[in-house]
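**Student:** With the sequence up front, the predicted model follows.
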Amino acid sequence: MNQYLRNLDRLEFIMTLACTGSCRHCSEGSHAGYSERLDGKKAAEAVISAASAYGIKSVMTFGGEPLLCPEDVFMIHSAAKRAGIPKRQIITNGFFSRDPEKITLCAERLVESGANAILLSADSFHQETIPLEPAMKFAEACLKAGAEDIRLNPAWLVSPDDPNPYNLETRKIVSEFEELGISSAKGNVIFPQGNARIYLADYFDLSAPVVNPYDEDPSDLHSVSVSPDGSLLGGSIYREDILDILERYTPDGLGAENV
């Protein structure tokens, strides 16, 4: 086992950078013009392979909006379930269709595939460009389909307790979902990167170094992320087994043979 991945226990899959929203707080910046989507079959193979050698406890699919490519999402979560991975998460804004039948079918198949932790991105920022009604229909459909855990995953500006106008509106949206029986997770605090650095600059000290809360120590990775083009740690799951990519990883990117 690669010493730099001795504590690897999580696989993340960025399904696509295409998105149904255009959020001013998004750390990825503009999502306009993206069409590439991760191959669910190759990603599912990577899940099975990685789980055979590492203690993978969590798999997550996200984007962009992952449910723009639902079949690929279903394949990944089904593979994670077969591999015995206990936590199978998806982060979605819940808006991929306005058709009630399509929304219901997607929710049913998502739950059936094995996704057991559904985090719904709903807050003042998402709802500037994403209609609330279809997102709420999706949430209700997930509940009816027997979702084990569905919660909101709101974005907070400055801190969850700060009384700025964005947070006040987010609390109203949270209360609407609470009426459906859907509670809120801790969510995340926005950091000044991407769109947030442009459109929310007044709320940050832009002279200070940007601290990305998702960055990890490269010499002790706990999670790895596969991009929509299949790339991972300098390799590609489209061209080789994920275990070969993981085995040669080094923090300096030179490959295990050069250590």
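**Tutor:** It's in. Keep in mind that what you see is a predicted model, and the values were worked out from it rather than measured.
**Student:** Any idea how far apart the tips of stretch 91-108 sit?
**Tutor:** Length of stretch 91-108, first residue to last, Cα to Cα, to the nearest Å: 16 Å.
**Student:** What residues does the spatially most central residue of the chain make contact with?
**Tutor:** Closest residue to the average C-alpha location of the chain: F62 at 3.0 Å, with Cα atoms, centre = their mean. Applying Cβ atoms under 8 Å, 6 or more residues apart in numbering to F62 gives the contacts E12, F13, I14, M15, I90, I91, T92. Every residue, glycine included, has its C-beta placed from N, CA and C.
**Student:** looking at this, the first one is in a strand?
**Tutor:** Yes: counting by DSSP: H, G, I helix; E, B strand; the rest coil, one finds E12 located in a strand.
**Student:** from memory it sits against V226, does it?
**Tutor:** Yes: contact criterion Cβ atoms under 8 Å: E12 and V226 qualify, at 7.0 Å.
**Student:** So for these two, which sits in the more crowded spot?
**Tutor:** V226 (25 against 18; other Cβ atoms under 10 Å).
**Student:** can you pull up the bridge partners for the more buried one?
**Tutor:** Taking DSSP bridges as the rule, V226 bridges to F13.
**Student:** Surely it is in contact with I14?
**Tutor:** Yes: between V226 and I14 there is a contact under Cβ under 8 Å: 6.8 Å.
**Student:** overlap in contacts of those two?
**Tutor:** Common neighbours of V226 and I14 (Cβ under 8 Å, 6+ apart) are L38.
**Student:** can you pick the most crowded of the contacts of F62?
**Tutor:** That'd be T92 among these, by other Cβ under 10 Å, with 31 neighbours.
**Student:** Pull the contacting residues for it.
**Tutor:** T92 sits in contact with F62, G63, E65, P66, L67, I118, L119, L120, S121, F138, where contact means Cβ under 8 Å, 6+ apart.
**Student:** Nearest to E108 among those?
**Tutor:** For the contacts of T92, the minimum distance to E108 (Cβ to Cβ) is 11.0 Å, reached by F138.
**Student:** which stretches of this structure form helices?
**Tutor:** 40-53, 70-82, 100-113, 132-144, 165-178, 195-199, 242-248 (DSSP state H).
**Student:** Deepest in the core, which of these is it.
**Tutor:** A comparison of these by mean neighbour count, using mean count of other Cβ atoms under 10 Å, puts helix 70-82 on top with a mean of 22.
**Student:** Would you mind checking the average pLDDT for that helix?
**Tutor:** In this model, helix 70-82 has a mean pLDDT of 98.
**Student:** now for that helix, which elements pack on it?
**Tutor:** helix 40-53, strand 58-62, strand 87-92, helix 100-113 (3 or more Cβ pairs under 8 Å, 6 or more residues apart in numbering; DSSP states H and E).
**Student:** and the angle from the shortest one to helix 100-113?
**Tutor:** Think strand 58-62. 160 degrees (axes from the mean of the first three to the mean of the last three Cα atoms, to 10 degrees).
**Student:** same check, this time on the first one
**Tutor:** In terms of direction (the same axes, to 10 degrees), helix 40-53 departs from helix 100-113 by 20 degrees.
**Student:** Show me what helix 40-53 is packed against.
**Tutor:** Going by 3+ Cβ pairs under 8 Å, 6+ apart, helix 40-53 lies up against strand 10-14, helix 70-82, helix 242-248.
**Student:** Other residues contacting that helix?
**Tutor:** So helix 40-53 is contacted by 1, 8, 11, 13, 56, 59, 69, 71-76, 78-80, 82-85, 226, 230, 237-238, 241-243, 246 (Cβ under 8 Å, 6+ apart).
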